[in-house]
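Novice: How does the following fold in three dimensions:
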Amino acid sequence: MKQLSFILVTLLLVCSLPTHAQDSSVKRWTLRDCINYALEHNIQVKKSKVNLLSGEEDTKQAKAEMFPSLSTSVTQGFVNYPSNEVVSNNSYSGNYSLNANWTLFDGNRRNNTIKQQKLYDELNNLSIEESENNIQISLVQTYMQVLYAYEAVRINQNTVEVSKAQRDRAEELMKAGSISRVDLAQLESQYSTDKYQLIMAQTNLDNYKLQLKQLLELDITEEMELAIPELSADDILYPLPEKEIIYSTSLAVMPEIKSGELGVDIADLEIKKAKAGYYPTLSLNAGIGTGHLSGTDYTFGSQVWNKFNESIGLTISIPIFTNRSNKTAVNKAKLAVIDNQLDLLNTQKGLLRTVEGIYLDATSAQNQYLAAVERVNYVSESYKLTEEQFFLGMKNTLELLTEKNNLLNAQQEELQSKYMAVMSIQLLNIYQNKPVDVNY
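Specialist: Numbering: from 1, shown residues only. Predicted structure coming up:
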């Protein structure tokens, strides 16, 4: 009797230790492995980098607009004259020109466009950071769910083993006449229930592992196992900075906040570009050209020389009445500034809600973990005593199963609070631009 009780208690105490068999040939992923792989292979991150390269091309184009443009043209023509009274029914002509155009003044529109494009480049860089943060957040959440599911499987495996041992012991006691057939049937029913719960826990684990594989965009044939970390109390009860400090840090480092601020700056430059429509545009034009025509008394070379010409001129375009287009452009640009300011404010408030929520989850989970650990200790002791009394005939089956379920619930609560605390701590690290702990 004492030996069996000792075995059962030992199984309960070691439930948090790794017991899940893993194929040594399959790579075991740490959280850092997952993050590094995703940052290199994630499609959304790659698309953000492509957008950056595309924006840099737009910036080069905007800078090139400050220089003169140069073009050349060659025109060859053929004319047929059906009349019989002409000397030649056919005539060939050719015109050749080289033209340059340089905008000298446009109300500073091009300079402001260059400034805008540089801000767009910064915006695209921040978009890469935001994509990387988003994938890290998703990976932290899913990775911790997988770890939780692993331990849930272990607990259910242990519960099934204990249920089987109790059922087997009950069979012996029933044969000896110490318990009734009803008691045995209840323990057999509990054994079946525990096996079903183990299957459900394994299904949850498989689903979370699938989600993690999909986040990493791994091939369907690739197997995946996690390197199960040894979490200490220091990892779970990690002291957090004040909530206000975390939020102020997030405002300074999170890319979505910087993006919102850049959006306001870009909109301000759009006002200046719109106001450029009120100013005249001054351009310098220059060109050279020549041509020839068949059917004349002059040779090709003589015509090309005789028709050779050079030109230069200034063109000024003054807007007088533009059907309100300039005023509308300016007013809409001003409204865009207000809209971007509201977007920035909304992003700041959204970040505040997120940080507050995660901080509350972290502190609550830490407190729940302390209470859950204490509860597991007490319930384990109560279950051990109830089990001993059951096999001595001092407790009935209902009391035994009630204590057993209480222990299972307490263990699940401890697991949930543990991984909720660790996950929230890692998420707060991301929102403070700190690296995710490499031990996970």
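
Novice: Centroid-nearest residue for the chain?
Specialist: Among the residues of the chain, N134 comes closest to the average C-alpha position under CA atoms, centre = their mean, at 2.4 Å.

Novice: what helix or strand does that residue sit in?
Specialist: helix 109-175 (DSSP states H and E).

Novice: by contact count, what packs against that helix?
Specialist: helix 2-13, helix 31-41, helix 43-64, helix 181-216, strand 225-226, helix 255-275, helix 325-391, helix 397-431 (3 or more CB pairs under 8 Å, 6 or more residues apart in numbering; DSSP states H and E). Just so you know, the C-beta spots here come from the backbone N, C-alpha and C atoms, and that holds for glycine as well.

Novice: Compare the mean pLDDT across these and name the weakest.
Specialist: Here these differ in mean pLDDT, and the lowest is helix 2-13 at a mean of 39.

Novice: can you count the residues close to the closest residue in space to N80 that isn't next to it in sequence?
Specialist: Excluding the flanking residues, the one nearest N80 by CB to CB, 6 or more residues apart in numbering is N90, at 5.8 Å. By other CB atoms under 10 Å, 11 other residues sit near N90.

Novice: if we can go back for a sec, mind putting the helices and strands packed on helix 109-175 into a markdown table with mean neighbour count and distance to M144?
Specialist: A markdown table is the format used below for these (neighbours: other CB atoms under 10 Å; distance: least, CB to CB, whole Å):
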| stretch | mean neighbour count | distance to M144 |
| --- | --- | --- |
| helix 2-13 | 14 | 24 |
| helix 31-41 | 17 | 8 |
| helix 43-64 | 14 | 21 |
| helix 181-216 | 16 | 9 |
| strand 225-226 | 20 | 10 |
| helix 255-275 | 19 | 23 |
| helix 325-391 | 16 | 11 |
| helix 397-431 | 21 | 4 |
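
Novice: what would these look like in CSV with distance to Q303?
Specialist: What follows is the helices and strands packed on helix 109-175, written out as CSV (distance: least, CB to CB, whole Å):
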stretch, distance to Q303
helix 2-13, 107
helix 31-41, 66
helix 43-64, 37
helix 181-216, 72
strand 225-226, 84
helix 255-275, 47
helix 325-391, 46
helix 397-431, 75
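
Novice: so which of the ones you listed comes closest to V304?
Specialist: Proximity to V304 (CB to CB) singles out helix 43-64 among the helices and strands packed on helix 109-175, at 33.0 Å.

Novice: what comes into contact with whichever helix or strand comes after that closest one?
Specialist: Sequence order places strand 69-80 as the next helix or strand after helix 43-64, per DSSP H and E. Applying CB atoms under 8 Å, 6 or more residues apart in numbering, the contact partners of strand 69-80 are 89-102.

Novice: hang on, the earlier thing: how about the contacts made by the residue nearest to N80?
Specialist: 78-81, 294-295.

Novice: okay, it: pLDDT?
Specialist: 78.

Novice: Next, find the distance separating it from Q76.
Specialist: Distance of N90 to Q76, computed by CB to CB, to the nearest Å: 13 Å.

Novice: still on that earlier bit, which ones among the contacts of strand 69-80 lie within helices?
Specialist: Judged by DSSP state H, helices contain none of the contacts of strand 69-80.

Novice: The helices and strands packed on helix 109-175: which one's closest to L237?
Specialist: Comparing the helices and strands packed on helix 109-175 by CB to CB, helix 325-391 comes nearest, at 5.5 Å.
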